[in-house]
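*Asks:* Could you work out the structure for the sequence below:
(one chain, ligands or ions: 1)
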Amino acid sequence: MIYLDNNATTPLDPQVLEAMTPYLTDEFGNAASVDHPLGWAAAEAVDKARRQIAAIIGADAKTIIFTSGATESDNLAIKGAAEMYKDKGNHIITVATEHKAVLDTCKYLEGTGYEVTYLPVDEFGRVSAEQVAEAIGDRTILITIMAANNETGTIHPICDIGQVAKDRGVLFHCDGAQAVGRIPVDVEAMGIDLLSISGHKMYGPKGVGCLYVRGRSPRVRLTCQIHGGGHERGMRSGTLNVPGIVGMGAAAELAAKELPEESQRIRDLRDRLVAGVTAKLDCVKLNGHPTQRLPNTAYLSFAGAEGEATISAMGDVAASTGSACTTAAHTRSHVLGAMGVPEDLVQGSIRLSLGRFNTKEEIDHAIERIIFSVTAMRKVSGFDQKGGLTISSQAPGETR
Ligand SMILES: *Cc1c(COP(=O)(O)O)cnc(C)c1O
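*Replies:* Numbers count the residues shown, from 1 in each chain. Model (predicted):
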C-alpha cells in the first residue's frame with residue numbers, strides 16, 4: 001500500500017517502537033509509585049518525555065499535561081478554561097473549519113449557557129487576526145483556533161492571533177495536532193496559552209497526547225475534566241500511559257531533529273505529485289492556501305469524478321475524501337463547505353497527505369494511479385474535460 005493518508009494517522013516510527021519496548025515489558029512500573037525502583041524508572045521515563053515534547057514547542061517541561069490524545073486535550077482546554085473562568089465571561093471564539101473535537105465541544109458548551117462565535121474563513125480556508133480582534137467582546141474568555149487544518153493543511157496566522165489575544169487579555173487555545181512536528185511551533189513566539197498535541201500524528205503511538213498549559217504570564221488554570229488521584233498537577237487524573245508517553249517523547253525528539261530537511265523533502269514530493277496529476281488532468285482545484293499550507297498536504301477536487309469511487313479505483317494508494325471523522329460519519333466536508341467550494345467539486349475531493357516513509361517511486365506510481373482512476377470515473381459520469389469548466393489548480397501568485 002502506498003500510504004498517502006498521514007493526516008489521519010502516521011505509522012509508528014521503528015525508532016519510536018524501540019524506545020517504547022522496555023516500558024511494555026520489563027519496565028512496567030506505575031509512574032506514581034514512589035516506593036520502589038520500578039516506579040522511579042517509570043517516573044523518570046515520563047519526565048524525559050515531558051522534556052522532549054516541551055523542547056519542540058519552546059516550553060517548560062512542567063507545562064505538559066499528558067492525555068489520551070488531541071481530542072481529550074481539546075476537551076480539557078476548552079471545557080476546563082470555560083468552567084474555570086466562567087465568572088469572567090461566557091463567550092468563546094472559534095472558526096467554522098475546526099476539527100470536530102473543538103466544534104462539538106463548543107456546541108456542547110453552547111447547550112450549557114456559553115456563547116460561541118464561529119468565524120468564517122476565506123476561499124483558502126484562512127481566518128485573519130482582524131476577524132478575531134473584531135469578534136472579541138467584554139465577555140470573551142477563550143479563543144480556540146487550530147494551527148493547521150487537517151483537511152486542507154491551511155495554516156492560520158497564529159502569531160498574529162496570539163498577539164491579539166495577549167493584547168486583549170483573552171486566553172488562546174490552539175489545536176496543534178497537525179502542526180507540531182511538521183512546521184515550527186513555539187508557544188512563546190506565537191502567544192499560545194494552551195496547545196493540543198497528538199502522538200499518532202507525529203509517528204508516535206495512538207491513544208496518547210498532551211496539552212501544554214501556560215505556567216506564567218499568565219498562569220493558566222483549568223477545571224479538571226477527569227477526577228481521581230490528582231495526577232498531572234490535578235488537571236488529568238489516571239495512571240499514566242508510560243509506554244505511550246515514552247513513545248510520544250521519542251517521536252517529538254525525532255520530528256524536531258528531522259523537521260528542516262524532512263519538511264523540504266516532503267514538500268518536493270507533494271509538489272511533484274500535484275504537478276504530475278495536473279499535467280495530465282484538467283479541471284482540478286487545489287483546496288487550501290497556496291503557500292500558507294502544511295508541506296505534506298494536497299487536497300484536490302476533481303470535477304466529474306466522485307471522491308470515494310475514485311479512491312476505490314486507485315487500488316494500492318491509500319487516500320481519503322476528507323477527515324477520518326467526517327468520512328466515518330459519511331457527511332460531506334464542513335471545511336470545503338465553509339470555504340465556499342461548490343458542491344460538485346466537494347463531491348470530487350481527495351486528500352493526499354504525505355509522510356516520512358513516502359518515496360519518489362511511490363509518488364510516481366500514485367500519480368499514474370490517480371490519473372487512471374479519475375479518467376475512468378470521468379468516463380463513467382460522462383464528464384467532458386474540455387467542457388466549459390476550467391478551474392485553476394494554482395492560486396494567483398503561486399509558484400512551484
Ligand atoms: C487528529 C486530530 C485530532 C484528534 O487527535 P486524536 O489524538 O486522534 O484524538 C484533533 N485535532 C486535529 C486537528 C487533528 O488532526
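
*Asks:* So stretch 207-227, near the ligand or not?
*Replies:* Yes: Stretch 207-227 lies within reach of the ligand by CB under 6 Å from any ligand atom, at G209. Just so you know, the C-beta spots here come from the backbone N, C-alpha and C atoms, and that holds for glycine as well.

*Asks:* And that stretch, end to end?
*Replies:* Terminal residues of stretch 207-227 lie 19 Å apart, using CA to CA, to the nearest Å.

*Asks:* Check stretch 22-41 too.
*Replies:* So stretch 22-41: terminal residues 11 Å apart, CA to CA.

*Asks:* neighbouring contacts of that stretch?
*Replies:* 42-43, 45-46, 229, 231, 239-240, 242-243, 246 (CB atoms under 8 Å, 6 or more residues apart in numbering).

*Asks:* Among those, name the buried ones.
*Replies:* 42-43, 45-46, 231, 240, 242-243, 246 (16 or more other CB atoms under 10 Å).

*Asks:* Narrow these to those in helices?
*Replies:* 42-43, 45-46, 242-243, 246 (DSSP state H).

*Asks:* Most widely separated two among the residues you listed?
*Replies:* A43 and P243 (13.9 Å; CB to CB).

*Asks:* Per-residue confidence at R332, what does it come out as?
*Replies:* R332 is assigned a pLDDT of 77 by the prediction.

*Asks:* Present the contacts of stretch 22-41 as TSV; the columns should include pLDDT and distance to R351.
*Replies:* Shown next, in TSV, are the contacts of stretch 22-41 (pLDDT from 0 to 100; distance: CB to CB, whole Å):
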residue	pLDDT	distance to R351
A42	98	38
A43	98	40
A45	98	35
V46	98	34
G229	94	40
H231	95	36
T239	97	36
L240	98	33
V242	98	34
P243	98	30
V246	98	31
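
*Asks:* Find the pair from those with maximum spatial separation.
*Replies:* Among the contacts of stretch 22-41, G229 and V246 lie farthest apart (CB to CB), at 20.4 Å.

*Asks:* returning to what we had before: let's have the contacts of stretch 22-41 in TSV, adding distance to K379.
*Replies:* Below are the contacts of stretch 22-41 laid out as TSV (distance: CB to CB, whole Å):
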residue	distance to K379
A42	59
A43	61
A45	56
V46	56
G229	61
H231	58
T239	56
L240	55
V242	54
P243	50
V246	51
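
*Asks:* Turn those into CSV, including distance to the ligand.
*Replies:* Below are the contacts of stretch 22-41 laid out as CSV (distance: CB to the nearest ligand atom, whole Å):
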residue, distance to the ligand
A42, 22
A43, 24
A45, 21
V46, 18
G229, 23
H231, 19
T239, 19
L240, 16
V242, 18
P243, 16
V246, 17
